[in-house]
Structures are given as C-alpha cells and as structure tokens.
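A.B. asks: Dropping the sequence and predicted coords here.
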Amino acid sequence: AKFMSEQGFVKSGFEESVWVREADEKHKHPILMSAHIDDTLILCKDIATLQTFKQEFLTRFEGTDEGEVTEYLGCEIDRDREAGTLKISQRTYIRRILETHGMTDANPVKTPLEPGA
C-alpha cells in the first residue's frame with residue numbers, strides 16, 4: 001500500500017484490490033491497477049506511461065511482465081485493436097466446472113421452465 005500511495009494511487013472505493021492514479025500535472029495519463037495475490041493487471045492508454053510504471057513496479061516487487069493480457073483471474077480476454085473491441089469470456093472455467101460435475105453432456109434448458117414442463 002505504501003508503494004502505491006507513493007506513486008499517487010488511491011484505492012478505487014469499490015474494490016479493495018483495485019487502485020487508480022488519476023491524470024494530473026505530474027502524471028499525464030491515468031492508470032488503473034488490479035492486484036489479486038500473484039496476478040496483477042495494469043491498464044493505461046499511453047504505452048510509455050504503462051512501461052515506465054511497470055518498470056518501477058517490477059523494481060520494487062518480484063514478478064514478470066507477460067505482455068498483453070490474454071487471461072486474468074480465470075477470464076479469457078480477447079482484444080481486437082483494429083476493430084476496437086474487447087471480449088471477456090469464462091468459457092474454460094465453465095467447461096472445467098461441467099467436467100468436474102460430470103455434466104459435459106447436459107442439455108441447455110430455458111429458465112424459468114415453461115408451465116407444465
């Protein structure tokens with residue numbers, strides 16, 4: 001928490017593990033950071049600002065920069081920069097739950113059920 005405060009971050013107010021650094025005179029671009037145990041996600045529109053902060057963060061804490069995010073906290077993330085889209089899915093997680101409970105052949109059903117079904 002001390003490092004984040006020193007870097008100008010404040011807790012988001014809606015989630016204990018999400019930190020925000022707003023743009024100001026010293027920091028031209030805002031940064032959003034989420035940290036859960038050993039998974040950290042850092043978001044910033046400006047790549048230079050992002051790289052600088054990641055270097056400072058990794059100098060202080062043990063970790064690796066794995067590049068652009070494709071998975072975070074069990075969610076698959078598919079970003080198409082050209083189309084300007086970001087898709088988040090839990091398909092793998094859902095499949096694993098179905099396999100664990102022997103329900104891979106289950107049929108989908110509308111909920112709530114139709115009367116008399």
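C.D. replies: Happy to help now that I have it. Numbers count the residues shown, from 1 in each chain.

A.B. asks: can I assume Phe53 is in contact with Ile31?
C.D. replies: Yes. Phe53 lies in contact with Ile31 (C-beta atoms under 8 Å); the separation is 5.8 Å. C-beta here means a position set from N, CA and C on the backbone, and glycine is covered the same way.

A.B. asks: neighbour-wise, which of these two wins?
C.D. replies: Ile31 (23 against 19; other C-beta atoms under 10 Å).

A.B. asks: circling back: which neighbours do Phe53 and Ile31 share?
C.D. replies: Ile42, Cys44 (C-beta atoms under 8 Å, 6 or more residues apart in numbering).

A.B. asks: contacting residues around the helix of greatest length in the chain?
C.D. replies: In the chain, assigned by DSSP state H, the helix with the most residues is helix 47-60. Helix 47-60 is contacted from outside by 3, 7, 27-29, 31, 40, 42-44, 63-65, using C-beta under 8 Å, 6+ apart.

A.B. asks: downstream neighbour of it in the secondary structure list?
C.D. replies: strand 71-72 (DSSP states H and E).

A.B. asks: how about Ala83, phi and psi?
C.D. replies: phi -80, psi -10 (degrees, to the nearest 10).

A.B. asks: For it, grab the count of nearby residues.
C.D. replies: The number of residues packed near Ala83 is 7, by other C-beta under 10 Å.

A.B. asks: picking that back up, what's the most distant pair in the contacts of helix 47-60?
C.D. replies: Greatest spatial distance among those (C-beta to C-beta): Lys28 and Thr64, at 26.7 Å.

A.B. asks: okay, the two: which has more neighbours?
C.D. replies: Lys28 (10 against 6).
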